[in-house]
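Undergrad: after the sequence you'll find the predicted model.
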Amino acid sequence: MECSRLSGILLHPTSLPGPFGIGDLGAGAYRFVRFLEKSCQHVWQMLPLGPTGYGNSPYQTYSAFAGNPRLLSLEQLQAEGWLSASDLADVLPFPPRRVDYDAVSAFKGRLLWKAFETFQRTAAGPQRDELAAFTQRQAEWLDDYTLFMALKETHHGAPWIEWERDIALREPAALAGWRKRLAPRSQFHGFLQYQFFRQWQALKAECRQHRIQLFGDVPIFVAHDSADVWAHPELFFLDDAGNPIVIAGVPPDYFSRTGQRWGNPLYRWEVMAASGYAWWIQRLRTMREMVDIIRLDHFRGFEAYWEVPAADDTAINGRWVEGPGAAFFERLHAALGDLPIVAEDLGLITPEVRALRERFGFPGMRVLQFAFGGDPRTNEHCPHSYTRDCVVYTGTHDNNTSVGWLHEVEQPESPDALKPMQAERAMALKYMASDGRQIHWDMIRLALASVGDLAMIPMQDVLGLGQEARMNYPGKAKGNWEWRYTEDMLTDELAGCLRELTEMYGRVPPEGG
């Protein structure tokens, strides 16, 4: 991926401000685009956009293709006539700085169904034709997804593995019967996807007008309880009843001494190869239509991945298994041409993983919070070791905020870990000649000044927030993905400070560039 010297902000749309309990693709998103332009940031990075399930993780979604209906703008649905002003008048007192997902789902779910009913009653011919064209264009994944979601509702949210055996295993007679029975609910979910892609493309057009690139995220694995696994069980290591045999995870690391047991079923890569990786090609083609840059999550898993027995409670007893490697990316290139991919190459990276990334010219990731431990001669996260082909972060969605990191109050897993943590913080302050009082600006300055072609700053660091604004705690099942900011935080002074640094370090693209 070729990239001029730029910078941007990492912010998931759920964190945007607004009156309906969760950020969406409406007015708050457009105001954020104006802030990006004012502060001279030309990239907006976000987490995966799929419909989330239990735990609300964007990395565990019901579909690798669908958009999250919770992100739909109710105000835009009103502007199109599918909702009335009175529908939006009685808003619950949602917390302004966190997402209450259960309350949001109940509130928005009722209004989204009402919008669908209004559309069914009153939509004109051209609007119906547009929906039909969208449905036909996306049929390869949409038909299975809409039926899957209708079935989940009918089964009170139960995972597909717990449905009646005939429909869980997709017997033709059961599929035909349920499609007929659940046609209205399936059509509802198709309508939501139609609206999501319409609103998304409008936002993308707004970003393009202001020379802002969208930077999306493709998780390597998909959730077991997803339309993808239910519709394509042959692509995954499942037993005859549909249960995973082996699952994904990572070995013990910086975040956990027992590793991380992600729970995602693993791919049968040899089956995917036999089809020319058709499912992956479709997935990335869809993603390329939505964003300008693609972060390929857990890139090292394409070279080798950590396979964990599904029956195990931790990831300790996993093993490394060879991934699809160069043949996979060669096939993607043959089908899709050059892809604007950034490789998420964090964690245990071997020479083989590095060679795979470099062979295809994918920039890697460097994180400043990892820069101040170990040997400064060999730590690739130290800024003095950077090459241009990297994306520099102060921290990612899995890290604490910069302020929270410096003043971390969490106790390490063992007393022996405390001294290295303290030494890292001391080294960070010395490295940046900082007194720590404005650590977020010190880290931002270091990222922007680096030689890395792209510097990405989490919104929490731009705002100078502490640990209370952390987005995700790896290994923690609940309480993640909830942080939001409020509109009053985006001041002209803040935009000016960020713009000054961005201009100083040459991250402003030339006019027309």
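TA: Now that the structure is in, tell me what you want to look at. Numbering: from 1, shown residues only.

Undergrad: show the contacting residues for Leu238.
TA: Contact analysis of Leu238 by C-beta atoms under 8 Å, 6 or more residues apart in numbering lists Val229, Pro244, Ile245, Pro265. (C-beta placed from N, C-alpha, C; glycine too.)

Undergrad: kindly report the same for His407.
TA: His407 neighbours (C-beta under 8 Å, 6+ apart): Gly466, Gln467.

Undergrad: how about the secondary structure of Lys152?
TA: At Lys152 the chain is in helix, as set by DSSP: H, G, I helix; E, B strand; the rest coil.

Undergrad: show the pLDDT at it.
TA: As predicted, Lys152 sits at a pLDDT of 98.

Undergrad: again with Thr258
TA: Predicted confidence (pLDDT) for Thr258: 85.

Undergrad: could you find the closest non-adjacent residue to Asn399?
TA: Distance criterion C-beta to C-beta, 6 or more residues apart in numbering; nearest residue to Asn399, sequence neighbours excluded, is Gln369 at 5.2 Å.

Undergrad: need phi/psi at the one you found.
TA: Dihedral pair for Gln369: phi -70, psi -10, per degrees, to the nearest 10.

Undergrad: quick check: the gap between Tyr431 and Leu10.
TA: Between Tyr431 and Leu10 the computed distance is 22 Å (C-beta to C-beta, to the nearest Å).

Undergrad: ok, Trp178 next?
TA: For Trp178, the distance to Leu10 - C-beta to C-beta - is 40 Å.

Undergrad: so which of those two has more stuff around it?
TA: Legend: neighbour count by other C-beta atoms under 10 Å for Trp178 and Leu10, higher for Leu10 (26 against 20).

Undergrad: the strands in the stretch 351-500 of the chain, which residues?
TA: Taking DSSP state E, counting those that start in this stretch, the strands of the stretch 351-500 of the chain run over residues 364-367, 390-393, 454-458.

Undergrad: partners of the longest one, with directions?
TA: Spelled out, that is strand 454-458. Next to strand 454-458 in the sheet, as set by DSSP bridges, lie strand 6-10 (parallel), strand 390-393 (parallel).

Undergrad: mind putting those strands in JSON lines, mean pLDDT and distance to Ala455 included?
TA: As requested, the strands paired with strand 454-458 are exported to JSON lines (pLDDT from 0 to 100; distance: least, C-beta to C-beta, whole Å):
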{"stretch": "strand 6-10", "mean pLDDT": "98", "distance to Ala455": "4"}
{"stretch": "strand 390-393", "mean pLDDT": "98", "distance to Ala455": "5"}
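
Undergrad: Ala223 is in contact with Asn264, correct?
TA: Yes. Assessed by C-beta atoms under 8 Å, Asn264 is found in contact with Ala223 at 6.3 Å.

Undergrad: between the two, what contacts are shared?
TA: With C-beta under 8 Å, 6+ apart as the test, Asn264 and Ala223 both reach Gln60.

Undergrad: neighbour count winner among these two?
TA: Between Asn264 and Ala223, counted using other C-beta under 10 Å, Ala223 has the larger neighbour count: 26 against 22.

Undergrad: for the residue of the chain positioned farthest from its centre, give its distance to Leu88.
TA: Most distant from the centre of the chain: Ala173, at 36.4 Å, with distances by C-alpha atoms, centre = their mean. Distance, Ala173 to Leu88, by C-beta to C-beta: 43 Å.

Undergrad: how far off centre is stretch 367-374?
TA: 23 Å (C-alpha atoms, centre = their mean, to the nearest Å).

Undergrad: how about residues contacting it?
TA: 254, 346, 379, 381-383, 392-396, 399-400, 402, 405, 420, 423-425, 427-428, 431, 443, 446-447.

Undergrad: out of those, which end up buried?
TA: 346, 381-383, 392-396, 399-400, 402, 405, 424-425, 427-428, 431, 443, 446-447 (16 or more other C-beta atoms under 10 Å).

Undergrad: circling back to that earlier point, which of the contacts of Leu238 sit farthest apart?
TA: Pairwise distances across the contacts of Leu238 peak at 12.7 Å for Val229 and Ile245 (criterion: C-beta to C-beta).

Undergrad: more neighbours: which of the two?
TA: For Val229 and Ile245, the more surrounded residue by other C-beta under 10 Å is Val229, and the numbers stand at 22 against 14.

Undergrad: and the pLDDT for the more buried one?
TA: Residue-level pLDDT assigned to Val229 equals 98.

Undergrad: same thing with Ser105?
TA: 96.

Undergrad: longest helix of this structure, counting residues only.
TA: Counting by DSSP state H, the longest helix found in the chain is helix 183-209.

Undergrad: before we move on, back to that, taking the contacts of stretch 367-374 one by one, which sit in helices?
TA: Ser402, Trp405, Pro420, Ala423, Glu424, Arg425, Met427, Ala428, Tyr431, Met443, Leu446, Ala447.

Undergrad: tell me the one among the residues you listed nearest to Pro309.
TA: Pro420 (31.6 Å).

Undergrad: Gly475 versus the closest one, what's the distance?
TA: 19 Å.

Undergrad: next: Ala355.
TA: 30 Å.

Undergrad: which of the two has more residues huddled nearby?
TA: Neighbours were counted for Ala355 and for Gly475 using other C-beta under 10 Å; Gly475 has more, 14 against 11.

Undergrad: which residue packs closest to the more buried one, ignoring adjacent ones?
TA: Spatial nearest neighbour of Gly475, chain neighbours left out: Ser256 (4.9 Å); criterion: C-beta to C-beta, 6+ apart.

Undergrad: any idea how far the one you found is from Gly249?
TA: Taking C-beta to C-beta, one finds Ser256 at 10 Å from Gly249.

Undergrad: same thing with Thr396?
TA: Per C-beta to C-beta, Thr396 is found 18 Å from Gly249.

Undergrad: and if you look at Ala315?
TA: Taking C-beta to C-beta, one finds Ala315 at 4 Å from Gly249.

Undergrad: now the common contact residues for the two.
TA: With C-beta under 8 Å, 6+ apart, Ala315 and Gly249 have common neighbours Gly259, Gln260, Arg261, Trp306, Val308.

Undergrad: sec struct for the last one, please.
TA: Assigned with three-state DSSP, Val308 falls in the strand class.

Undergrad: number of residues surrounding it?
TA: For Val308, using other C-beta under 10 Å, the count is 28.

Undergrad: can I assume Gly190 is in contact with Ala132?
TA: No. If you go by C-beta under 8 Å, Gly190 and Ala132 don't touch, sitting 9.8 Å apart.

Undergrad: out of the two, which sits in the busier spot?
TA: Gly190 (24 against 12).

Undergrad: OK, contacts around the more buried one?
TA: Gly190 is in contact with Leu131, Thr135, Leu142, Thr146, counting by C-beta under 8 Å, 6+ apart.

Undergrad: sec struct for the last one, please.
TA: What it means is Thr146. Counting by three-state DSSP, the backbone at Thr146 sits in helix.
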